[in-house]
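[1] I would like to see how this sequence folds:
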Amino acid sequence: QVQLEESGGGLVQAGGSLRLSCVASGRTFSNYAMGWFRQAPGKEREFVATINRSSSSTYYADSVKGRFTISRDNAKNTVYLQMNSLKPEDTAVYYCAASPGSHYVIVTFGSWGQGTQVTVSS
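    All right, here's what the predicted structure looks like:
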């Protein structure tokens, strides 16, 4: 099983930017599709963005499309989430996850990290 560790969260004003990172270990990183998910207080965890093994394809939730960009560096075993034009409703704990399957099949993602808190003030 792949182990994941997120970092880069923090407090930012609305309209600001943050870049999250997730470092993987334990398995061959390039064998996995990677994704970012988030969970706000009192809500279920939701899909944010995913990327395939080769970075040739990405998939975004409608709520973040055009504002967030997922990318990966297989040489560094790291996946990133660049978040621009942040809104208060983006406030959540952000998790990265890995999937041995297609990056379009959200239910296949697992091996969750511990999460990193993102708070957007209005």
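
[2] Strands of this structure, start to end?
    3-7, 10-13, 18-25, 33-39, 46-51, 58-60, 68-73, 78-83, 92-99, 116-121 (DSSP state E).

[3] Distance-wise, check the closest residue to F47 other than its chain neighbours relative to V79.
    Nearest non-adjacent residue to F47, counting by C-beta to C-beta, 6 or more residues apart in numbering: I106, 5.0 Å away. (C-beta placed from N, C-alpha, C; glycine too.) Between I106 and V79 the computed distance is 15 Å (C-beta to C-beta, to the nearest Å).

[4] Counting neighbours, go ahead and name the busier of the two.
    Neighbour count, other C-beta atoms under 10 Å: between I106 and V79, V79 has more, with 30 against 16.

[5] What residues are bridge-paired with the residue positioned nearest the centre of the chain?
    By C-alpha atoms, centre = their mean, the chain has its centre lying nearest to W36, at 2.2 Å. Per DSSP bridges, the residues bridged to W36 are A49, C96.
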